[in-house]
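Chemist: fold the following, please.
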Amino acid sequence: MTTTYAIPLGDDGAVLCPLEPWQAEEFLAHIDRGREFIGQFNPLPEVVGDLEGSRAFLQAYAEKAAADTGRLYGIRTAADGTLVGAFLLRRLDVTQGVAEAGCWLEPAAVGRGLVTRAARVVIDWAVEQRGIHRVEWWVASGNEPSIAVARRLGMTKDGVLRQSHLHRGKRYDEEIWSVLAPEWRAARG
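Modeler: Model (predicted):
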């Protein structure tokens with residue numbers, strides 16, 4: 001495992017940890033393992049096409065973390081610490097109290113609740129430590145696994161932006177889901 005610290009995600013030993021530019025080779029290998037699966041609805045595989053793209057993506061999130069405008073965390077397995085996914089705050093606006101969350105997993109890591117558990121850790125931090133009032137989840141209407149996560153997190157579907165997202169030559173409707181801090185706290189209690 002190539003990380004400095006990790007937050008446990010439950011009894012199975014999976015952890016959430018920062019992703020940084022020095023991990024660009026490992027990050028690229030992770031994207032390569034899930035390139036087609038991740039790329040179904042997410043443009044990340046086109047952005048992280050080689051080592052330079054991997055390093056640039058991780059550097060952009062390091063700069064967002066330094067500016068307090070975003071965060072990127074890796075999801076690692078218990079067995080050997082393999083990077084199998086990520087959870088991120090694509091946008092973090094502390095002044096407005098709004099954040100946009102996102103995620104992805106390799107196919108081998110699907111179905112274990114890793115994203116939901118990671119989301120709970122990061123959303124708790126955003127709400128309780130950074131004072132975020134609204135956490136948004138933007139998702140292509142056909143991405144049923146991601147929509148299921150939004151539901152498990154207690155989010156409400158705010159609306160649909162019709163054909164607003166162009167990906168691989170096709171237009172997708174995008175759903176916007178959200179949870180407000182009081183709702184998040186009430187559901188946790």
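
Chemist: quick check, Arg35 in a helix?
Modeler: Yes. Assessed with DSSP: H, G, I helix; E, B strand; the rest coil, Arg35 lies in a helix.

Chemist: count of neighbours near Ser54?
Modeler: By the measure other CB atoms under 10 Å, the count of residues near Ser54 is 23. In short, each C-beta sits where N, CA and C put it, glycine included.

Chemist: swap that for Asp50, please
Modeler: Residues lying near Asp50 (other CB under 10 Å) number 10.

Chemist: was I right to think it contacts Ala29?
Modeler: No. Judged on CB atoms under 8 Å, Asp50 makes no contact with Ala29 at a distance of 11.9 Å.

Chemist: what residues does Gly37 make contact with?
Modeler: Small correction: residue 37 is Phe, not Gly. For Phe37, the contact set (CB atoms under 8 Å, 6 or more residues apart in numbering) comprises Glu106, Pro107.

Chemist: low-confidence ranges in the protein?
Modeler: 1-4 (pLDDT under 70).

Chemist: what about the strands in it?
Modeler: For the chain, strands defined by DSSP state E occupy the ranges 7-8, 15-18, 71-76, 83-93, 98-105, 134-140, 156-167, 170-180.

Chemist: point out the most buried one among these.
Modeler: Of all the strands of the chain, strand 71-76 carries the top mean neighbour count, a mean of 24, counting by mean count of other CB atoms under 10 Å.

Chemist: other SSEs contacting it?
Modeler: Contact here means 3 or more CB pairs under 8 Å, 6 or more residues apart in numbering; DSSP states H and E; on that basis strand 71-76 packs against strand 15-18, helix 51-67, strand 83-93, helix 114-130.

Chemist: hmm, try it at 10 Å
Modeler: Counting contacts by 3 or more CB pairs under 10 Å, 6 or more residues apart in numbering; DSSP states H and E, strand 71-76 is packed against strand 15-18, helix 24-38, helix 51-67, strand 83-93, strand 98-105, helix 114-130.

Chemist: much appreciated, bye for now.
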